[in-house]
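J.: give the three-dimensional model of this entry:
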Amino acid sequence: MSSDETAALLFMCGDQYLFRYRTKETGIAYKFVSPAAVRAAFAEETIETNWLPPNARRWGIARHGEWIILAFPPQKHPFSFVNEVDERKPVTFDVPMPGLAFFGYGQRYYVWAYKDAELKGDTNLHAAPLPNVDASGAICFGANAIPKASAQTIGEAWRIFLTSPFTNHSVNGKSKKFPDDVRKQLLHLANRRRRGYPLDDLVSLNRTANMVIEWTVNHHPLEVGGL
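T.: This is a model prediction of the structure:
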């Protein structure tokens, strides 16, 4: 405990908090407090999100700040891909996508695919059929600067994701028809001018939306990684 610290509230495992404070008699004392007691102590503090994006499904605050998840229904998106012949001239074409769930927490962002008409807590998630997304759904933004996730910045993070050219990183394991490189499926769909993504091609993660949110918020490291 630093010399200028009079009290601190520490997060413990499970549903407990540890209150550390100074006393005249014993110096430093500790007391376990319940989440209900913490909420009561901060009851006078107003917490509100401002206006949420229209496609926001859930929002919360955890140890590293705000987290928020957006849901985008099946639609075509204009994606750019690095031209392996001339990297200065990326190739852009419209690609149909299944429903996409876009999740931000800290400066870490994730994207998953889903088949249901609406994204709910028990919705089964699938690997997003896109490059530059690792097995957990974490997105590699490369050298692009991305904002810390919040209800106000999630739209900008989504825009950066859509407009940044995809590379040849993490292209395998995203398509049943083209397991070695999902870009082959995307090019096939664009050339055939398919209106929708074939849902039977998606690779299941065997996880629900609630499961991945809980795991990501509570267990996954938040540093931004490069692939």
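J.: need phi/psi at residue 95.
T.: With angles defined as degrees, to the nearest 10, residue 95 sits at phi -130, psi 130.
J.: poorly predicted segments of the protein, please.
T.: 1-16, 19, 21, 24-27, 30, 35-36, 38-49, 87, 220-227 (pLDDT under 70).
J.: if we go to 50?
T.: 1, 222-227 (pLDDT under 50).
J.: kindly state the domain boundaries assigned to it.
T.: 7-41, 56-219 (automatic domain parsing).
J.: so of these, which one's packed in deepest?
T.: When the domains of the chain are scored by mean count of other CB atoms under 10 Å, the highest mean neighbour count falls to domain 56-219 (a mean of 17). No exception for glycine: its C-beta is placed from N, CA and C like everyone else's.
J.: in a helix, residue 214, correct?
T.: Yes. Under DSSP: H, G, I helix; E, B strand; the rest coil, residue 214 sits within a helix.
J.: helix/strand/coil for the residue nearest to residue 210 when sequence neighbours are not counted?
T.: Leaving aside its chain neighbours, residue 210 sits nearest to residue 121 (4.1 Å; criterion: CB to CB, 6 or more residues apart in numbering). With three-state DSSP as the basis, residue 121 sits in coil.
J.: quick one: residue 121 and residue 165, what's the gap?
T.: Distance, residue 121 to residue 165, using CB to CB, to the nearest Å: 34 Å.
J.: now do the helix or strand containing residue 70: everything it contacts.
T.: Using DSSP states H and E, residue 70 sits in strand 65-72. Outside strand 65-72, the residues that touch it by CB atoms under 8 Å, 6 or more residues apart in numbering are 52-53, 55-61, 97, 99-106, 114, 118-119, 148-151, 154, 158, 209, 213, 216-217.
J.: next step: those residues restricted to strands.
T.: 56-61, 97, 99-105, 114 (DSSP state E).
J.: beta-bridge partners for residue 80, please?
T.: residue 92 (DSSP bridges).
J.: from what I can see it touches residue 161, true?
T.: No. Using CB atoms under 8 Å, residue 80 is not in contact with residue 161, being 11.2 Å away.
J.: any idea how far residue 93 is from residue 78?
T.: 7 Å.
J.: then residue 127?
T.: For residue 127, the distance to residue 93 - CB to CB - is 21 Å.
J.: next one: residue 186
T.: From residue 186 to residue 93 the distance is 8 Å (CB to CB).
J.: need the overlap of contacts for these two.
T.: residue 79.
J.: pretty sure residue 186 contacts residue 129?
T.: Yes. In terms of CB under 8 Å, residue 186 counts as a neighbour of residue 129; the distance is 7.0 Å.
J.: helix or strand for residue 29, just tell me which one.
T.: strand 27-33.
J.: who does that strand touch, helix- and strand-wise?
T.: strand 17-23 (3 or more CB pairs under 8 Å, 6 or more residues apart in numbering; DSSP states H and E).
J.: quick check: angle from the strand it packs on to strand 27-33?
T.: For strand 17-23 against strand 27-33, the angle by axes from the mean of the first three to the mean of the last three CA atoms, to 10 degrees is 150 degrees.
J.: what lines up beside strand 17-23 in the sheet?
T.: When DSSP bridges is applied, strand 17-23 pairs with strand 7-11 (antiparallel), strand 27-33 (antiparallel).
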